[in-house]
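*Asks:* what follows is a predicted protein model with its sequence.
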Amino acid sequence: MAQAKKIILLGATGSIGTSTLKLLRAYPNDFQLVAVSAHKNADALQSICQEFQVPTAILTDETAYLKAQSESRFQSPTQLHCGFEGIDECLKRQSADMAIIAIVGACGLQPTLTAIEQGMDIALANKESLVLGGSFLLDAARNHQARILPIDSEHNAIFQCLEGYTKKQIASITLTASGGALRNHPIGHLKNISPEEACQHPNWSMGRKITIDSSTMANKGLELIEARWLFDLSPEQLKVVIHPQSIVHSFVHWIDGSTLAQLSPPSMSFAIQHCLYYPDKKPSIQKGLDFEKAMQLEFSPPDFNRYPCLELAYEALKLNSNGIGGAIFNAANEVAVERFIAEDIAFTDIPKLIEQALSEPYGSDSISLEYLKNLDAEIRLKTKAYKLN
């Protein structure tokens with residue numbers, strides 16, 4: 001019998017983490033969960049640790065950690081640690097075959113880099129890591145012989161379609177997008193949308209921030225930037241199409257005029273399972289598509305009037321090739337979404353803040369990871385302070 005693959009799951013209580021745990025339950029002999037993290041959901045994290053007998057747990061929120069410690073919530077064999085420092089220490093000392101990075105936001109960059117430096121395979125659901133530090137992560141992966149396997153359904157689809165082909169054979173790729181919760185909402189009424197309305201996704205079960213990003217299509221903008229780094233493509237080779245059914249996850253268009261697509265039901269379990277077993281295959285825990293039943297697949301170009309964040313992502317891509325545009329777009333969007341959730345700004349103000357951040361005069365002769373981290377922090381401070389007319 002093959003030895004169980006040792007897994008570190010960062011972001012264990014979110015939607016990706018929950019889907020991953022379903023797979024681990026279905027194939028208990030194939031995987032061993034050796035460490036898990038959550039931000040502040042101590043109850044859910046404790047339950048996971050008890051079920052899977054996880055030796056290491058991390059709560060990144062200090063208040064949640066102190067409360068859990070005072071209540072002695074985590075019992076043997078689990079040791080509880082605190083903060084992103086705790087994650088970093090865990091990745092450096094815990095022997096593991098794969099780290100699943102399902103943390104949301106730019107804070108996922110350092111854990112991803114640390115896991116790569118330990119030579120682990122990375123199942124990456126944190127698009128912001130590549131948006132902010134793409135060139136550095138890919139260089140590190142090459143230097144440490146670590147594989148980056150994309151969990152995002154769109155990038156996982158492209159990854160599958162590219163098997164056996166080379167970059168020079170690609171004409172372009174097209175990422176599909178559901179259009180989010182507000183795709184049929186009158187454009188003139190979008191300024192009155194509440195955070196709750198923006199979070200009602202028709203196809204996917206995701207966290208609040210990601211679901212709002214889907215409504216603005218900032219998420220698709222981030223995915224374009226992520227694809228630029230993952231597949232080493234130019235902005236002109238990156239396309240988006242609205243596909244409400246979320247069954248086709250991406251297209252790869254070849255120089256000979258043919259197109260390949262990857263299809264599966266709208267569930268993250270397919271992409272996660274592909275990464276966990278890559279390059280092998282196992283029967284899915286969910287049913288695939290049933291072509292004995294009628295189905296309709298629709299495709300249409302995105303309307304930049306409805307989705308100005310997507311147009312701004314193209315501007316960020318073209319700003320320069322060293323990662324500054326992506327860093328600015330991501331930081332400004334994260335703060336803008338926070339301000340929208342806090343009802344400090346309107347839904348339609350999100351792209352205005354991103355545009356304002358992209359118009360700032362930034363530049364450097366020498367781009368380093370430290371420079372991009374400092375730029376990220378600077379953009380966040382400025383975006384928090386931006387006033388709208």
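*Replies:* The structure has been received and is ready for your questions.
*Asks:* what's the span of stretch 346-361 from first residue to last?
*Replies:* This stretch, stretch 346-361, spans 26 Å end to end (CA to CA, to the nearest Å).
*Asks:* how about the helices in the stretch 51-200 of the chain?
*Replies:* Along the stretch 51-200 of the chain, the segments classed as helices by DSSP state H, counting those that start in this stretch run 62-70, 83-93, 109-117, 127-144, 153-161, 195-198.
*Asks:* would TSV of the ones you listed with mean pLDDT and distance to Ile272 be doable?
*Replies:* Quick note: C-beta positions are derived from backbone N, CA and C, even for glycine. As requested, the helices of the stretch 51-200 of the chain are exported to TSV (pLDDT from 0 to 100; distance: least, CB to CB, whole Å):
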stretch	mean pLDDT	distance to Ile272
helix 62-70	96	26
helix 83-93	97	20
helix 109-117	95	17
helix 127-144	90	15
helix 153-161	97	9
helix 195-198	90	25
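*Asks:* closest to Val252 out of the ones you listed?
*Replies:* With CB to CB, the closest approach to Val252 among those belongs to helix 153-161: 4.2 Å.
*Asks:* check contacts around Lys67.
*Replies:* Lys67 is in contact with Ala42, counting by CB atoms under 8 Å, 6 or more residues apart in numbering.
*Asks:* between the helices of the stretch 51-200 of the chain, which one is nearest to Gly323?
*Replies:* helix 127-144 (6.0 Å).
*Asks:* okay, the angle between the closest one and helix 109-117?
*Replies:* 20 degrees (axes from the mean of the first three to the mean of the last three CA atoms, to 10 degrees).
*Asks:* residues of helix 127-144 that come out buried?
*Replies:* 127-134, 136-138, 140-141 (16 or more other CB atoms under 10 Å).
*Asks:* likewise for stretch 220-236?
*Replies:* 220-231, 233, 235.
*Asks:* which residues of the protein score low on pLDDT?
*Replies:* Within the chain, the ranges that satisfy pLDDT under 70 run 1, 201-206, 320-322, 363-365.
*Asks:* measure how far whichever strand or helix holds Asp43 is from the centre of its chain, please.
*Replies:* Using DSSP states H and E, Asp43 maps to helix 42-52. Relative to its chain's centre, helix 42-52 lies at 23 Å (CA atoms, centre = their mean, to the nearest Å).
*Asks:* what packs against it?
*Replies:* Judged by 3 or more CB pairs under 8 Å, 6 or more residues apart in numbering; DSSP states H and E, the packing partners of helix 42-52 are helix 15-26, strand 31-38, strand 56-59, helix 62-70.
*Asks:* rewinding a little: for Val54, find the nearest of the helices of the stretch 51-200 of the chain.
*Replies:* Nearest of the helices of the stretch 51-200 of the chain (CB to CB): helix 83-93, 11.0 Å.
*Asks:* straight-line length of stretch 356-367, end to end?
*Replies:* Per CA to CA, stretch 356-367 runs 22 Å from first to last residue.
*Asks:* ok, Ile367 to Glu311 distance?
*Replies:* 25 Å (CB to CB, to the nearest Å).
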